[in-house]
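**Student:** The sequence and its predicted three-dimensional model are supplied below.
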Amino acid sequence: MLNPIGILPNVTSPIGLAFALAGSSIESNASSVNAKPNPTFSPHQEALLKSLREDPLLLFPETDKGLGPCSVTFDQYVEDCLIHLRNQQCYTRLSEEEAMAEVVLLEDKIEKWLDKHELTIGRMATKYIRKHLGANRKSPFSQFYILYKIHKGQKNGRWPTRPVCSDVTSLTHAVGKWVNEMLTPVQQAQESYFQDSFALKKMLDEMEVPPNALLFTSDATAMYTNIRTEPALEKISEYLRENAKAFNHNKFDTEAPIAALHFGFLKIIFFKLGDTF
């Protein structure tokens, strides 16, 4: 069972299975049930908030497209996560020992990368990355969660979901922020670049087409997990090396972001869901 909650404001998406059974936003909205009435909500809404907060079986994950939180049972949420994670073409389950061994190797790669490219990365950025390495060492993995696509409706009796990996607690988080800063000018220089959906709509509104023109659209299914990473890395690396002078940004050394892409982002992501790696 999944129910959109239109009367609640956005709350932070859950990470892994560290679920807030009522969430801080829901807690603050529902707290008025035990105090004086909140004029924002009707008595029916107040009662609904109270019942949601006190139900031990419900979780409140975010929905896709920023449509707010929804309610879903714990068992349903886990099953919906496993629909993705059972795909052995995309995911490989590790034991905790195997996962910890992998992140030890990953941290060693990051340290060697910092030592080799420190002049390119910069003293302050290097310090920032090392600080986050230390802070995230206790919980070095990305965290897996799902967003419910309530805007698409049910398919085969199920609500479709979007898998997400949050890297905020991972070892590669700070490295990713640096790579993003370095490669954003490259992204924005592409002819195919547009800032967001609003910019795209503006472009389409201003486009003049003949009355007999036809429009077709397409949508990729599971795009990210189906990217052929080795050919992608080869093409990206080749492009960056050939155009290094055009993107001379902050002593831009193409080998530093290329190396970071190879060890951390496009090849393998180590993540966990609850106590599963």
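**Tutor:** Perfect, I can see it now. These numbers were taken from a predicted model, which means no experiment stands behind them.
**Student:** And the strands in the chain?
**Tutor:** 2-4, 58-59, 70-73, 142-148, 161-166, 271-272 (DSSP state E).
**Student:** next one: the last one to chain centre, how far?
**Tutor:** Per CA atoms, centre = their mean, to the nearest Å, the displacement of strand 271-272 from the mean C-alpha position of its chain is 12 Å.
**Student:** where does the stretch 51-200 of the chain dip in pLDDT?
**Tutor:** Across the stretch 51-200 of the chain, not a single residue meets the criterion (pLDDT under 70).
**Student:** Spell out, range by range, the helices that occur in it.
**Tutor:** Applying DSSP state H, counting those that start in this stretch to the stretch 51-200 of the chain gives helices spanning 74-85, 96-121, 123-135, 173-188, 197-206.
**Student:** CSV please, covering these and showing mean neighbour count and distance to residue 239.
**Tutor:** Glycine gets a C-beta too; all of them are placed from N, C-alpha and C. Output for these, formatted as CSV (neighbours: other CB atoms under 10 Å; distance: least, CB to CB, whole Å):
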stretch, mean neighbour count, distance to residue 239
helix 74-85, 16, 31
helix 96-121, 15, 18
helix 123-135, 14, 23
helix 173-188, 17, 8
helix 197-206, 10, 23
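**Student:** can I see the domain layout of this protein?
**Tutor:** Annotated domains of the chain cover 2-85, 96-136+171-272 [automatic domain parsing].
**Student:** Please identify which of these is closest to residue 146.
**Tutor:** Taking CB to CB, domain 2-85 is the member of the domains of the chain nearest to residue 146, at 5.6 Å.
**Student:** hmm, back to that, which one of the strands of the chain lies closest to residue 107?
**Tutor:** Proximity to residue 107 (CB to CB) singles out strand 142-148 among the strands of the chain, at 14.2 Å.
**Student:** follow-up on the earlier one: I'd like the strands of the chain as CSV, with mean neighbour count and distance to residue 239 appended.
**Tutor:** Output for those, formatted as CSV (neighbours: other CB under 10 Å; distance: least, CB to CB, whole Å):
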stretch, mean neighbour count, distance to residue 239
strand 2-4, 15, 42
strand 58-59, 22, 42
strand 70-73, 19, 40
strand 142-148, 22, 26
strand 161-166, 18, 25
strand 271-272, 22, 28
